[in-house]
Structure formats: structure tokens, C-alpha cells
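1. heads up, no residue letters with this:
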């Protein structure tokens, strides 16, 4: 698929765009400098690496340890977020809004779950995104489309050589944008409504040349920018590479930075045709040389800008948020200071020196060992000298500060699985503490869930516009035709959820709960139609009883279909009576005269009730069938339905 066409602007319009970008970017780089310094400081707090290996004050060998409170809290929260979010095999749930599209929901959610987890490897991306949000307060996600083609040469059996290509990856991708590279003015709150939003890129000259040859950049871009190659590890613009370099420095994994070219990718609104209305465009701009690398109209079908912002703990009316490193900033320093003082005090207090009278006859090299006898003329000639004393209050002060840190971050011994400090409480009190402590985590997790929901919807819209990674899925996979039917809808209908409402699956929205609900519905339907049949029998209306029989069979079939689909049973239509229902004569649905008799053998062999009134066909076994599908039947039935994985539900 070729890149969208390049915009050809006249000289005046291009200069207006250049001046606007210059002013906005310079102002933003100035206002974000202190924030970049904060990121560097918070990263140091997380790594908790002492500035010096050996202290010389207040004495040589004094404590230099840094208590990693931020790392303890971040790692506890991160492990809980990731294991909770990816605990279920099902990642996407599709809830039908229009009744006619109920059959499409299950194939679509199965397709999107497989696409996100197995094909796009979203879990790997989510690891980095959420970890950055937990540390610094924000994570940035970006949904796009990529087609990566690799070429090689192979030798044929006849000795000739031929070139061949493979598509390494093709389709939608979710990328993380580092908070250090993300550009959004601080007066804005949303990338979609901001005057502009973007990110910083840094690539090798060879990458720039390949991008120009593939059509991403204008012709001549490489020649114009090759003299701006920077060998500095901090880069030309400075900020984005400084942050990454300092992080690598803390890790002691500093890479060799080859020659790089830095530029900005900006999504913005700008009047390019002089009609007084702004058009949505995307610009690749090299700020140092003031060169445009490319200018295009926004090529997304819904004109969205690709960036989504996730927040850890929000700040009112700001897009920036608060992370654990900020929450723990002062407490980590205070606990570290108190801990060092306590260690140094204990070190000094445990030092014993001897004061010896100079006429006692003992020299500086006198050996010391347990049981040694000192012969002195005066008992005051040899004595011990203690430099300090251990004070219990030092430990109490450190624990008080630690309590404040736990209150701010919400991470305590209960979350960490540690025994409670002090006298253990009752089981009831522990349960109440856990429930109260979960409220803060649930709030943070909901913030992350909303962020992921927006990425899932953007992925669906991208698939609608460009197609899936594997077009063969529509023809070969079970339910592929239903998936194709959904993605043939306009992008606006998919994004607004007018047919299916797409969200990330959670504890209240997943197939297991969906299955349990349908099992309960099956029992309700049994009672409902059994009661209707008894009432209809009293009226002696044969047509009414026949209609109830058909509707009961439809309801039983629908319930069985939903339960089977929740177990991912293949070829559900070969198991249930869906095709048989479509062959029932129209008269059984309340057609002309209603004189056609009920074919009990066709419908299910219901036994005649009082005065010849038939029971609900097949309803006698309805509850048993539902229980069997739920995993409570015999092991042979579960093996037949290939649902052994859900037998415990």
C-alpha cells in the first residue's frame, strides 16, 4: 500500500506553517525542561543507586544505602496490573447493541482478542507503557499500520539465483511513545483537541534514506539532512536523548550511539488552502534545518490523531498525572536519611576503643583477645571508650515515615503478602483492610482500562480501514464471514459502538460470566415455557400450544448456542437445531388457519399432557442439557462437546 500523497504547498503557506511550528516547538521545549529534569530525578529514585560507593562523612565507611521505596511500590503495583489485565484468555468483549448483530459479537471478540494478544503482542507493549505510567504518571500509546517487507536472494536447484520477498509484519500495531519523546503543550488536555501533538524521532541516516526511497519523505530529504547528523549521545535537540542516555547510564548498559538525525512528527490543524478553515495534517519536520520532510493530510479514516494518554493518578484539568515516584519523592529521601543515621549510630555505638594510661606499659600494637589479662598499677590506666548509644526512637521515626509513604502510595504489607507488623488482627479485620486497600488500586486499574479501551477501538478502526494482518482469516476461520461483515461497516459506526460495543474483557465482562448467566437464563426459560404450556392446556387452544412449542424450541436452541459458543466449540450449527428450525412450516408460527398439526417427532417428541395437550417439546431435558454444557454432566458428554477446559465452571 503506497503512502498517501504529499501536499504541495505554495511558498507563502509553507513559510506560515514553518513559522508556526518554530514558535510552538521552541515554547514547548522551554516549558518542558524542568519536567525532563524531574523525570531524570525520578528515574534515579527508582534505581536507588548511591552517588558514591564509600562515604567519608561523618566517618569513613558510613552508610550510603538508598531505601528503594519507589521501586518496591512500582513493582508491586505493576505485577498486579499486568496479571489482572491479562489473566483471562479472552481480551476483548463485544456486546451487541443491535439485536440483528448478535451472531457477530462472538466471532468479532474472538478475532480481536487473537489479533491483539497473539499477533500484535500487546502484552509486551503494555509492560513498558504501564511501567512508565506507574513511575512517572503517564503512558502514551499509538495505534498505526505497518507493512515490513524483507528481501533476500536464494539459489534454485538449477544453480540460478532469484530474489524473493517476505512480509515480516503487516497490519495494525500498537506502539509505545516514551514520555520523554512525547510533545503536547501543557495548556492542552487532550491530543485530539489540542492545536498540535507529536513526538520526537531519532534515526540513522541509512534509515532516513530508506524512508525517502519508500515514499515516506520528500525526494532530496537525505541530501538536505545528512550534514545535520549528530554524534552526540544527548542529541541536537537534547531532551529526548538525554533522558534515554541517563536511564542507560543508571543501568550500566549504555549503547554505542551511531550517527543520528533527529526530527519531529506533528499532527495538527492548519489552514493549508486559505479557505479560513483548518485541515488536519501530519508533518515531519527537521527543526534545526527548518526543512519539511513531508506534509500530508491526516490519512486516518476517522481523522483521529494516533496518540492516547493513560494516567496513573490524575491532576485536575491537566493531561499530566502523578506517578509513584512523585508520591514517594520526599518519603524516600526521609526514610533513606533516617535509615543511614540509624546504621551509622549503631556502627559507632558498637565501636569499643581502649583508653590506656601512657605509663601503663602497654603499646599501640598490644594484641586484644577474649580472656586477656591486663596487669596495671592503677585500675584507671585501662578503660573502654564508647562513642555512641543506640536509641530506639530512631527506628520508630523511620517506621512512622514509612507509614506515611504507604498511605500515599496504597502499597503496604497486605499488598506485598507480608505478615502484619505488630499484634495480628482478626480474619474479619484483615478482610476489611484488604477491601478498603483495593479501592485505590481499583481506581487506578479503571484508569488503565479506559486507556486500553481506546486503543482497542482504534485498532478495530484501523483494521476496518486497511484490513487485517491475514486476509485469509475471512475465508478460512470459523466465523470469518461474520468478522468480515462487521469490518465492512463504516468506521464511524465501529468507533461509536452503534452495532457492537467493544471493550477490554474484565472480571464483569468475560465468557465465563457470560456462560454462567446463560445457564441461569436457561433455567428461567424452562420455568417460563412450562408455565405457559400449562396455562395454554387449560384453554384447549391447539394453535396456542403449537406456537408456544415452537417458541420454546427457539429459546432452547438460542440458549444452547450461546453456551456452546462460550466454550469455543467449533461447528455449533452442526450440534444445535438451527437449520431444522428454519424448515418448520409457517403455520406453526401462527400462519393461516393454524390447522396444521404439530409434528412431535420433528420438534422433539414431547409427551401428551392432560386432555391431549402436548408438553413443551424437548423442555423436559432442557435443564439437563444446560447443566451438561456447564460442565456438570458426565465426562463422556464433556468429551463429546470438547469442553473439558471449562468443566469446572
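-> Arrived safely. These numbers come from a predicted model, not from an experiment.

2. if I look at the residue of the chain most remote from its centre, how far off is residue 447?
-> Within the chain, residue 377 marks the point farthest from the mean C-alpha position, 79.2 Å out by Cα atoms, centre = their mean. Distance of residue 377 to residue 447, given as Cβ to Cβ, to the nearest Å: 79 Å. Just so you know, the C-beta spots here come from the backbone N, C-alpha and C atoms, and that holds for glycine as well.

3. chain center to stretch 149-165, what's the gap?
-> Centroid separation between stretch 149-165 and its chain, computed with Cα atoms, centre = their mean, to the nearest Å, is 40 Å.

4. List of residues touching that stretch?
-> 166, 167, 168 (Cβ atoms under 8 Å, 6 or more residues apart in numbering).

5. So which of those residues are in strands?
-> Cross-referencing those against strands under DSSP state E gives 166, 167, 168.

6. Just the closest of those to residue 63, please.
-> Of all the ones in strands among the contacts of stretch 149-165, residue 168 has the smallest distance to residue 63: 51.8 Å, by Cβ to Cβ.

7. Run a quick neighbour tally on the closest one.
-> 10 (other Cβ atoms under 10 Å).

8. Got phi/psi on residue 374?
-> phi -110, psi 120 (degrees, to the nearest 10).

9. pretty sure residue 503 is in a strand, no?
-> Yes. Assigned with DSSP: H, G, I helix; E, B strand; the rest coil, residue 503 falls within a strand.

10. Is it bridged to anything, and to what?
-> In this entry, residue 503 is beta-bridged to residue 93, by DSSP bridges.

11. all numbers from here: first residue = 52
-> Sure thing, new numbering starts at 52, so read that last one as residue 554.

12. could you list every residue that touches it?
-> Residue 554 touches 143, 144, 146, 504, 507, 560, counting by Cβ under 8 Å, 6+ apart.

13. what do you get for residue 335?
-> Neighbour list for residue 335: 267, 268, 314, 315, 316, 317, 343, 344, 345, 346 [criterion: Cβ under 8 Å, 6+ apart].

14. Using the three-state scheme, assign it.
-> Quick answer, by three-state DSSP: residue 335 is strand.

15. Excluding chain neighbours, what is closest to it?
-> With Cβ to Cβ, 6 or more residues apart in numbering as the criterion, residue 335 has its nearest non-adjacent residue at 3.8 Å, and that residue is residue 344.

16. now residue 540
-> That would be residue 550: by Cβ to Cβ, 6+ apart, it lies 6.3 Å from residue 540.

17. okay but that neighbour is in contact with residue 150, surely?
-> No. The criterion here is Cβ atoms under 8 Å, and residue 550 misses it with residue 150 at 10.5 Å.

18. between these two, which one's more packed in?
-> When neighbours are counted by other Cβ under 10 Å, residue 550 and residue 150 differ, and residue 550 comes out ahead with 20 against 6.

19. ok so, going back, and the residue farthest from the centre of the chain, that's in a helix?
-> No. With three-state DSSP as the criterion, residue 428 is coil rather than part of a helix.

20. how about it, what does it touch?
-> Going by Cβ under 8 Å, 6+ apart, residue 428 touches residue 411.

21. From residue 407, how far off is it?
-> Counting by Cβ to Cβ, the gap from residue 428 to residue 407 is 12 Å.

22. Check residue 417 too.
-> Applying Cβ to Cβ to residue 417 and residue 407 gives a distance of 8 Å.

23. if you count what's nearby, which of those two comes out ahead?
-> residue 407 (17 against 13).

24. Starting from residue 426, give me the distance back to that one.
-> 12 Å.

25. so where is the stretch 52-201 of the chain shaky, pLDDT-wise?
-> 52-53 (pLDDT under 70).

26. re earlier: now the phi/psi pair for the residue nearest to residue 540, please.
-> Recorded main-chain torsions at residue 550 are phi -110, psi -50, according to degrees, to the nearest 10.

27. Now the closest residue in space to residue 54 that isn't next to it in sequence, what are its backbone angles?
-> Counting by Cβ to Cβ, 6+ apart, residue 54 lies nearest to residue 266, which is 4.6 Å off, once chain neighbours are set aside. Residue 266 adopts backbone torsions of phi 100, psi 0, taken as degrees, to the nearest 10.

28. how much space is there between residue 266 and residue 548?
-> Using Cβ to Cβ, residue 266 is found at 35 Å from residue 548.

29. what's the nearest residue to residue 56 once chain neighbours are set aside in contact with, if anything?
-> Excluding the flanking residues, the one nearest residue 56 by Cβ to Cβ, 6+ apart is residue 347, at 7.1 Å. By Cβ under 8 Å, 6+ apart, the contact set of residue 347 is 54, 55, 56, 57, 58, 332, 333.
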